[in-house]
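**Q** sequence plus predicted model, see below.
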Amino acid sequence: MATSTTDAYDVAVLGAGPAGLAAAAAARRSGSRVVLVDAGSRVGGQYWRHRRGDGGAGHHQWATLRRLRAVAEGPDLLSGHSVWHAERTGVGFTLHTTTRADGREVAREVSCRRLVVATGAYDRQLPFPGWTTPGVYTAGGAQALLKGHGVLVGRRVVVAGTGPFLLPVAAGLAARGAEVVGVFEAGRRTGLARRPLAVLGSLGKLGEGAGYARTLLRHRVPYHARTAVIAAHGDDAVRAVTVARLDAGWNVVPGTERVLDCDAVAVGYGFTPQLEIPLQLGCATRLDADGGLVGVVDERQCSSVPGVHL
């Protein structure tokens, strides 16, 4: 494996999604020398995942991506670089990355005085019988294949789990020609009503959600609350799933089970932040309200480790 070393930067930003792009743009406007590192081939993260030549149709806030991309893209954008280790060295940090170049693996080291970790999150999964059967995808995986490659995970798809992210996944699949058997939300329809201030602060997201709901209605996709996939069936591939109603304690209501034919399942129970790099650097963590592990930050997104922002 060949190795190369970059010059030292004032700021290194890990992750070129909306948060990472905004952080890199702000740091560059302040006059700092900034390097933006991302494992993907194009900036945008999961939210703006797109294919080459994508003009923005079907994406939300595409103009914001174009504005941020104009600042971020350049010689100090390291796309296609995976960071496998980060360590404190002297007054700053060293990032150890790998990338493919000229058909071979190349190791690269990036030095910086300050580090911004904006690596996003991954789908939280709850296991059920058959959940490792080929054809069972995370909701984020199903959307990534669709947005990044134009690939449908199946022709007849069940979307299940919890949270508003199920809506864009189901709407995207339906709009691209998949038959979405249904959206099976394990939670209650009134879940957002318990957080009125958060809802009022995200009115734009409510409008976005209404657009997804119209798409589902147009394609006659049913939405079932308090219902979950409790088993997937098939040997070499998914052939069907069993869904059932849930009571207030998320227990299966006897007698409500039914089997639905499908060739793919997209399941997601919210998100868990990617904390591998913060944990390597010794950043403090805590359990969030949903029981998931998150990094501890102050009002400026500073972690417990000086020089590291999350």
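**A** Great, that's in hand. Numbering: from 1, shown residues only.
**Q** tell me, which helix in this protein spans the most residues?
**A** helix 203-218 (DSSP state H).
**Q** next secondary structure after that helix?
**A** strand 223-225 (DSSP states H and E).
**Q** re earlier: which helices and strands sit right next to the longest helix of the chain?
**A** Packing contacts for helix 203-218, counted by 3 or more CB pairs under 8 Å, 6 or more residues apart in numbering; DSSP states H and E, involve helix 166-175. Placement of C-beta: from N, CA and C, glycine included.
**Q** re the thing from before, check the offset of the longest helix of the chain from the chain's centre.
**A** Chain-centre distance of helix 203-218: 19 Å, with CA atoms, centre = their mean, to the nearest Å.
**Q** avg pLDDT for stretch 111-118?
**A** The average pLDDT for stretch 111-118 rounds to 96.
**Q** residues in contact with it?
**A** If you take CB atoms under 8 Å, 6 or more residues apart in numbering as the criterion, stretch 111-118 is touched by 5-15, 17, 19-20, 23-24, 27, 35, 86, 89, 91-95, 277-278, 281, 307-310.
**Q** let's go with 6 Å and repeat that
**A** 8-15, 19-20, 23, 92-94, 277-278, 307-310 (CB atoms under 6 Å, 6 or more residues apart in numbering).
**Q** can you list the low-confidence ranges for the stretch 151-300 of the chain?
**A** Scanning the stretch 151-300 of the chain for pLDDT under 70 picks out the ranges 189-205.
**Q** ranges for the helices of it?
**A** 166-175, 196-200, 203-218, 276-280 (DSSP state H, counting those that start in this stretch).
**Q** for the residue lying closest to Thr285 once chain neighbours are set aside, give its distance to Glu109.
**A** Leaving out its chain neighbours, the residue that sits closest to Thr285 by CB to CB, 6 or more residues apart in numbering is Leu293, at 5.2 Å. Shown here: Leu293 relative to Glu109, a distance of 28 Å by CB to CB, to the nearest Å.
**Q** quick one: buried ones out of the contacts of stretch 111-118?
**A** By neighbour count, with 16 or more other CB atoms under 10 Å, the contacts of stretch 111-118 hold 9-15, 19-20, 23, 92-94, 277-278, 307-310 as buried.
**Q** in helices, which of those appear?
**A** Ala19, Gly20, Ala23, Ile277, Pro278.
**Q** which among those gets closest to Gly211?
**A** Ala19 (22.9 Å; CB to CB).
**Q** what's the burial count for the residue nearest to that closest one when sequence neighbours are not counted?
**A** Once flanking residues are discounted, Ala19 sits nearest to Ala118: 4.2 Å by CB to CB, 6+ apart. Neighbour count for Ala118, taken as other CB atoms under 10 Å: 23.
**Q** got it, and the one 5 residues further on?
**A** Around Asp123 there are 20 other residues, counting by other CB under 10 Å.
**Q** ok, now Ala174?
**A** Ala174 has 21 nearby residues by other CB under 10 Å.
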